[in-house]
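Participant: I need the structure of the sequence given here:
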Amino acid sequence: MRRTLFTAAVCTAIVGVIAPPAAYAGTTAYVTPGGYSTPPQGAAQEFRDLGAHVTLTLLAGETHYLNSVLYVGSAAQKTEVTQVAGCWPTGVTETLTNALALSEAGTNVDGGVPSVAQTSRFEFTPSLPGIYDCSLHAIFYNHTSKTDYGHIYVLTGSMIQDVAGPLAAHAQAYLPSRVLLTNNPTLGTPSADINLIASYSVPQDVTAIDVISDFGSTNCYVAELQHLCPDGSDTTNSTFTSQLIVQQLNTEGNVCHTVSDSVLTSTVSPDTHHQKIYHRLNNFGIFNDCGSFNVMVHLHVAKVSGNDIQIETANQSYSLLFEA
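Facilitator: Okay, here's the model as predicted:
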């Protein structure tokens, strides 16, 4: 939603001032469903192109919001599944290391389960004008064997979508490091604020914004190298809460008004191990009475019971916003 007066704004996050068209019909690309082999644990990683590609011709600094969904199921064995959605320059061999934007979601899928869905959402802003390929990939591992290949099916409906753009209002922030939710004060903290967009100045002709904040979580049933997790119990769930909080500030930097979504209680089993948690708050109004158009976004997460919970970093945990 937009006001009639437009004034460009500068912020500490990624900012855009390109006005969107009155209506936008984004492109959706679907995968060709089928079976995929799953390498054994410890084998070389296979970055699978699932065949869903959206081509975007963009100006430098032009921002689009993209969404992807991966449906998998009917695995022969428990399978570790990582969904990867991202954007690359056209013509390159797409890898995890040369992407210009990435969003990830990971979980374990038990053998025989008919369908499991994962979603990744992100904004893409190229620094140079050009043609870009935004596509859906996956990484699979057979979680039950260190020697044998298994298989899993990618299901109908898996897709990547160019949802909106160019965006007049946009900001995106990633969690810079892992956070451990624990009652042990020497290891971490029982609650935390994550995915912070500390201050973003909404363009003055935008009257409302939509806000998304997602994060990856891990049940700490076992200590792992390069992780924060201590040893836990392989029969105990992790239960925790999360809540998305959006605030508009006044000219003194104090909170002028706040809107939150409902507190979400999540439980991750040791068997699932990893789970993406999703939050979205639509149509947060921007009030002239505040005297400032600065907004702040954060997620409050807190341990409730069971094993400790690791909040994952970077491409798995992020907040983003755009005009409603």
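
Participant: could you tell me the end-to-end distance of stretch 38-50?
Facilitator: 14 Å (Cα to Cα, to the nearest Å).

Participant: on the three-state scheme, the spatially closest residue to Val92 that is not a sequence neighbour is what?
Facilitator: Leaving aside its chain neighbours, Val92 sits nearest to Asn98 (6.0 Å; criterion: Cβ to Cβ, 6 or more residues apart in numbering). For the C-beta atoms, the positions are set from N, CA and C on the backbone; glycine is no exception. Recorded secondary structure, Asn98: coil (DSSP: H, G, I helix; E, B strand; the rest coil).

Participant: what about Asn98, distance to Glu252?
Facilitator: For Asn98, the distance to Glu252 (Cβ to Cβ, to the nearest Å) stands at 44 Å.

Participant: could you say which helix or strand holds the closest residue to Tyr174 other than its chain neighbours?
Facilitator: Leaving aside its sequence neighbours, Tyr174 sits nearest to Tyr318 (Cβ to Cβ, 6+ apart; 4.8 Å). Secondary structure from DSSP states H and E places Tyr318 in strand 314-323.

Participant: CA atoms of that strand as PDB?
Facilitator: This file holds the C-alpha atoms of strand 314-323, laid out as PDB (Å, rounded to 0.1, in the frame of the first residue of the first chain):
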ATOM      1  CA  ALA A 314      23.200 -17.300   7.600                       C
ATOM      2  CA  ASN A 315      21.000 -18.600   4.700                       C
ATOM      3  CA  GLN A 316      18.800 -20.600   7.100                       C
ATOM      4  CA  SER A 317      17.800 -17.800   9.400                       C
ATOM      5  CA  TYR A 318      16.700 -14.400   8.100                       C
ATOM      6  CA  SER A 319      14.200 -11.500   8.200                       C
ATOM      7  CA  LEU A 320      12.900  -9.600   5.300                       C
ATOM      8  CA  LEU A 321      10.300  -6.900   4.500                       C
ATOM      9  CA  PHE A 322       8.600  -5.300   1.500                       C
ATOM     10  CA  GLU A 323       5.700  -3.100   0.800                       C
END
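
Participant: give me phi/psi at Asn294?
Facilitator: Main-chain torsions, Asn294, degrees, to the nearest 10: phi -80, psi 130.

Participant: can you pull the contacts of it?
Facilitator: For Asn294, the contact set (Cβ atoms under 8 Å, 6 or more residues apart in numbering) comprises 11, 199-202, 248-249, 253.

Participant: run through the bridge partners of the residue nearest to Tyr174.
Facilitator: Tyr318 forms beta bridges with Tyr174, Asp214, as assigned by DSSP bridges.

Participant: I'd assumed Gln172 was in contact with it.
Facilitator: Yes: Tyr318 is within contact range of Gln172, at 6.4 Å (criterion: Cβ atoms under 8 Å).

Participant: residues shared between the contacts of these two?
Facilitator: In the contact map built from Cβ under 8 Å, 6+ apart, the residues linked to both Tyr318 and Gln172 are Phe122.

Participant: quick revisit: could you tell me how many residues sit around the residue nearest to Tyr174?
Facilitator: Neighbour count for Tyr318, taken as other Cβ atoms under 10 Å: 25.

Participant: ok, the one 3 residues further on next?
Facilitator: Here the count is done by other Cβ under 10 Å, and Leu321 has 27 residues near it.

Participant: you'd agree it is up against Ile212?
Facilitator: Yes: between Leu321 and Ile212 there is a contact under Cβ under 8 Å: 7.3 Å.

Participant: what's the farthest-apart pair in the contacts of Asn294?
Facilitator: Using Cβ to Cβ, the contacts of Asn294 span at most 15.3 Å, a distance reached by Val202 and Gly253.
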